[in-house]
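Chemist: Can you look at this prediction? I've put the sequence above it.
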Amino acid sequence: MLQKLSSFPGVTGPVVVIVMDGYGLPKSDVGSAIAAAQKPNLDRLFASCPNIRLRAHGTAVGMPSDDDMGNSEVGHNAIGAGQVYSQGAALVADAIADGAIWAGEAWQQIVAGAKAGRGVIHFIGLFSDGNVHSHIDHLKAMVLRAKAEGVACVRIHALLDGRDVPETSALDYVVPFEAFLAEQSTAGFDARIASGGGRQYITMDRYDANWAMVDRGWKTHVLGQGPQFANATAAVNGLREQNPGTIDQDLPAFVIADDGQPIGTIEDGDSVVFFNFRGDRAIEITRAFVEADFDRFDRVRHPQVTFAGMLQYDGDLQLPKRFLVAPPAIRDTSGEWFSKMGLAQFACSETQKFGHVTYFWNGNRSGKFAGETWQEVPSDVVPFEQRPWMKAAEIADAMIAAIQSGSYKLLRCNFANGDMVGHTGNFRAATMAVEAVDLALGRLLQAVEAAGGVALITADHGNADEMFELDKKTRQPAQNPDGSFKAKTAHTLNPVPLILFDAATGGRLGLQQTETCGLSNIAATVANLVGYQKHPVWDESVLTVA
Ligand SMILES: O=C(O)[C@H](O)COP(=O)(O)O
Ligand SMILES: [Mn+2]
Ligand SMILES: [Mn+2]
């Protein structure tokens with residue numbers, strides 16, 4: 001059990017953790033939609049409440065290096081677990097480096113399965129080096145290994161990124177990769193990209209937000225239906241011509257065909273590896289492959305394949321059963337321990353981020369702990385630059401009602417706006433997104449105040465804070481030859497705020513800035529706020545009590 005804190009009995013009101021997704025603290029105001037936004041509530045909080053900066057990227061959240069930006073998975077894992085685990089990106093890279101992945105039963109079954117059938121392995125996944133959901137180097141290593149192990153044919157189904165990497169960078173990956181595959185296609189080995197499309201158009205939906213995306217992906221990758229091109233380079237060029245202004249993540253689907261015949265439909269006896277390591281956008285397509293009774297869309301055909309995920313995406317559901325690398329075993333999360341202490345917990349977000357405050361927060365578990373209540377506000381299914389306010393108001397309504405009910409000691413929510421709109425690269429819309437969060441925050445904090453509670457306001461990583469690509473050398477916003485800036489859609493490497501709004505103690509509470517403090521210090525801070533010591537495995541609290 002968590003021990004009582006001797007120095008502080010805990011606040012009597014509720015403790016609320018508010019995650020403003022994609023709200024970082026930029027080095028420069030140029031290109032910051034946050035700096036450009038009218039945000040009186042946040043301005044007031046920064047001016048009048050204790051606030052510090054937390055590390056939210058790189059090794060502070062379990063990524064391989066400090067050049068890796070943060071993301072929602074690793075950020076919410078760190079907040080919820082109070083600890084830093086080596087994450088999928090690092091675990092897969094290590095398993096490839098030391099060869100453990102090839103020795104594993106799952107890889108051997110993938111190879112053996114393909115050889116027993118038509119000799120084909122399909123690799124489906126996000127085709128970039130963003131290292132948020134996947135890394136193209138992992139794919140390259142698997143292609144080489146498949147060849148070395150005598151597999152005859154590899155087919156790649158490439159989801160174009162432009163969301164974790166620059167918005168029109170697809171050819172930077174496709175052109176060299178097609179050259180690499182051509183170079184490898186000797187001695188009876190045949191490797192090609194067979195299909196693909198923008199990641200926000202096909203296959204990578206999450207949290208049941210838009211199954212039509214997965215349906216389109218299935219038709220593309222499995223059935224080989226869609227506009228045909230001779231190779232992926234021609235497909236990207238052709239689709240860009242047909243859809244001027246469309247950035248990579250939104251490009252339509254494509255199928256590679258020889259003489260009208262798709263080269264990579266997925267058939268009985270093939271092996272399929274979904275090579276993303278991150279789970280949220282991998283679960284739906286995985287279900288379409290592995291579930292016998294599946295009713296989310298009409299699969300038309302359900303090929304009997306040997307399927308593996310790069311990782312297991314959901315431990316509770318064992319989804320999928322076969323995976324190449326074991327996921328981080330996240331234990332002793334704050335959700336679990338607060339539940340054991342009998343504290344009622346409320347979690348809320350809109351669909352796009354609902355799993356972030358539930359599944360990621362609880363260590364990639366889809367089940368609830370005792371005493372948890374989860375509320376999902378359905379997200380719009382629209383391009384979010386058209387509705388930058390998203391569901392901020394409705395999330396605030398749900399949180400206010402939950403606070404006023406008096407039923408919960410601990411509440412948490414995620415405002416998706418800064419991140420989801422930040423990913424569109426639309427500066428003006430991102431500014432409005434931040435303004436919508438500010439407006440909702442103002443109302444929510446009034447409810448916290450009325451209940452005599454405390455709120456911690458933070459973020460999981462940056463996004464809206466840097467809407468222009470930075471020059472790699474100078475780290476200043478890069479300009480096009482005509483002086484305009486290059487829109488940026490990805491997350492940032494910036495720290496995030498932690499603000500303490502104290503309506504409970506008349507100002508006795510503060511936050512301590514340390515050199516290394518990061519998202520994993522929040523769980524212990526929350527424990528202290530309710531009068532408990534942290535669990536021994538959690539990182540230190542940053543709370544001070546006068
Ligand atoms: O999946 C996405 O939308 C992006 O790759 C990462 O964004 P998130 O980590 O904020 O979800
Ligand atoms: Mn996020
Ligand atoms: Mn994001």
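Modeler: That came through, no problem. Ligands and ions are numbered 1, 2, ... in the order given.

Chemist: When you work out contacts or count neighbours from here on, use the C-alpha atoms and nothing else.
Modeler: Noted.

Chemist: Can you give me the pLDDT of the residue in the chain sticking out farthest from the centre?
Modeler: Most distant residue from the mean C-alpha position of the chain: Ala187, 39.6 Å away (CA atoms, centre = their mean). At Ala187, the model reports a pLDDT of 85.

Chemist: just checking, it is part of a strand?
Modeler: No: Ala187 is assigned coil when assessed by DSSP: H, G, I helix; E, B strand; the rest coil, not a strand.

Chemist: how close does it get to ligand 1?
Modeler: The gap separating Ala187 from ligand 1 is 37 Å, by CA to the nearest ligand atom, to the nearest Å.

Chemist: Met432 now?
Modeler: According to CA to the nearest ligand atom, Met432 stands 18 Å off from ligand 1.

Chemist: Contact partners for that residue?
Modeler: Neighbouring residues of Met432 by CA atoms under 8 Å, 6 or more residues apart in numbering: 37, 388-389.

Chemist: Alpha carbons only: can I get the strand or helix carrying it in PDB?
Modeler: Using DSSP states H and E, Met432 sits within helix 427-450. This file holds the C-alpha atoms of helix 427-450, laid out as PDB (Å, rounded to 0.1, in the frame of the first residue of the first chain):
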ATOM      1  CA  PHE A 427      -0.900  27.800 -38.500                       C
ATOM      2  CA  ARG A 428      -4.200  29.800 -38.300                       C
ATOM      3  CA  ALA A 429      -6.200  26.800 -37.300                       C
ATOM      4  CA  ALA A 430      -3.600  25.800 -34.700                       C
ATOM      5  CA  THR A 431      -3.900  29.200 -33.200                       C
ATOM      6  CA  MET A 432      -7.600  28.700 -32.900                       C
ATOM      7  CA  ALA A 433      -7.000  25.300 -31.400                       C
ATOM      8  CA  VAL A 434      -5.000  26.700 -28.600                       C
ATOM      9  CA  GLU A 435      -7.600  29.400 -28.000                       C
ATOM     10  CA  ALA A 436     -10.300  26.700 -27.800                       C
ATOM     11  CA  VAL A 437      -8.300  24.900 -25.100                       C
ATOM     12  CA  ASP A 438      -7.800  28.100 -23.200                       C
ATOM     13  CA  LEU A 439     -11.500  28.800 -23.200                       C
ATOM     14  CA  ALA A 440     -12.300  25.400 -21.900                       C
ATOM     15  CA  LEU A 441      -9.600  25.500 -19.400                       C
ATOM     16  CA  GLY A 442     -11.000  28.700 -17.900                       C
ATOM     17  CA  ARG A 443     -14.300  27.000 -17.200                       C
ATOM     18  CA  LEU A 444     -12.800  23.800 -16.000                       C
ATOM     19  CA  LEU A 445     -10.600  25.600 -13.500                       C
ATOM     20  CA  GLN A 446     -13.600  27.500 -12.100                       C
ATOM     21  CA  ALA A 447     -15.100  24.100 -11.200                       C
ATOM     22  CA  VAL A 448     -11.800  23.000  -9.600                       C
ATOM     23  CA  GLU A 449     -11.800  26.200  -7.600                       C
ATOM     24  CA  ALA A 450     -15.400  25.800  -6.400                       C
END
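
Chemist: List the buried residues for it?
Modeler: 427-445, 447-449 (16 or more other CA atoms under 10 Å).

Chemist: where does this protein come near ligand 1, residue by residue?
Modeler: With CA under 6 Å from any ligand atom as the criterion, the chain meets ligand 1 at residues 71-73, 132, 164, 419.

Chemist: Closest one of those to ligand 2?
Modeler: Proximity of these to ligand 2, judged by CA to the ion, is greatest for Ser72, which lies at 3.5 Å.

Chemist: which residues in the stretch 201-350 of the chain form strands?
Modeler: 228-229, 254-258, 261-262, 271-274, 306-311, 323-325, 345-350 (DSSP state E, counting those that start in this stretch).

Chemist: Contacts for the fourth one, please.
Modeler: Identification of contacts with strand 271-274 by CA under 8 Å, 6+ apart yields 110-111, 113-114, 120-125, 282, 286, 305-310.

Chemist: One more: the last one?
Modeler: Where contact means CA under 8 Å, 6+ apart, the residues beyond strand 345-350 that reach it are 335, 339, 354, 357-358, 371-379, 391, 395, 398-399, 402, 408-416.

Chemist: Out of those, which sit inside strands?
Modeler: 372-377, 410-415 (DSSP state E).

Chemist: residues touching Thr168, list them.
Modeler: Thr168 sits next to 162, 247-248 when contact means CA under 8 Å, 6+ apart.

Chemist: State the distance from it to Val174.
Modeler: Noted for Thr168: a distance of 12 Å to Val174, by CA to CA, to the nearest Å.

Chemist: Equivalent analysis for Ile121, please.
Modeler: Counting by CA to CA, the gap from Ile121 to Val174 is 19 Å.

Chemist: who has more neighbours, those two?
Modeler: Ranked by neighbour count (other CA atoms under 10 Å), Ile121 and Val174 place Ile121 first, with 31 against 21.

Chemist: Domains in this protein, by residue range?
Modeler: Annotated domains of the chain cover 15-86+330-489+513-545, 89-325 [automatic domain parsing].

Chemist: Residue of the stretch 351-500 of the chain closest to ligand 1, please.
Modeler: Asp419 (5.8 Å; CA to the nearest ligand atom).

Chemist: thinking again about what came up before, can you lay out the contacts of Met432 as TSV showing secondary structure and pLDDT?
Modeler: TSV is the format used below for the contacts of Met432 (DSSP: H, G, I helix; E, B strand; the rest coil; pLDDT from 0 to 100):
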residue	secondary structure	pLDDT
Ala37	coil	98
Pro388	coil	98
Trp389	coil	98
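
Chemist: Highest neighbour count among the residues you listed?
Modeler: Highest count within the contacts of Met432 by other CA under 10 Å belongs to Pro388, 26 neighbours.

Chemist: Identify the residues contacting that one.
Modeler: Pro388 makes contacts with 417, 421, 429-430, 432-433, 436, as judged by CA under 8 Å, 6+ apart.

Chemist: how does it look with 6 Å?
Modeler: By CA atoms under 6 Å, 6 or more residues apart in numbering, Pro388 lies in contact with 429, 433.

Chemist: And for Val255?
Modeler: Contacts of Val255 by CA under 6 Å, 6+ apart are 195, 226-228.

Chemist: Neighbour-wise, which one of those residues leads?
Modeler: Ser195 (33 neighbours).

Chemist: That one belongs to a strand, doesn't it?
Modeler: Yes: under three-state DSSP, Ser195 sits within a strand.

Chemist: Name whatever forms a beta bridge with it.
Modeler: His157, Val255 (DSSP bridges).
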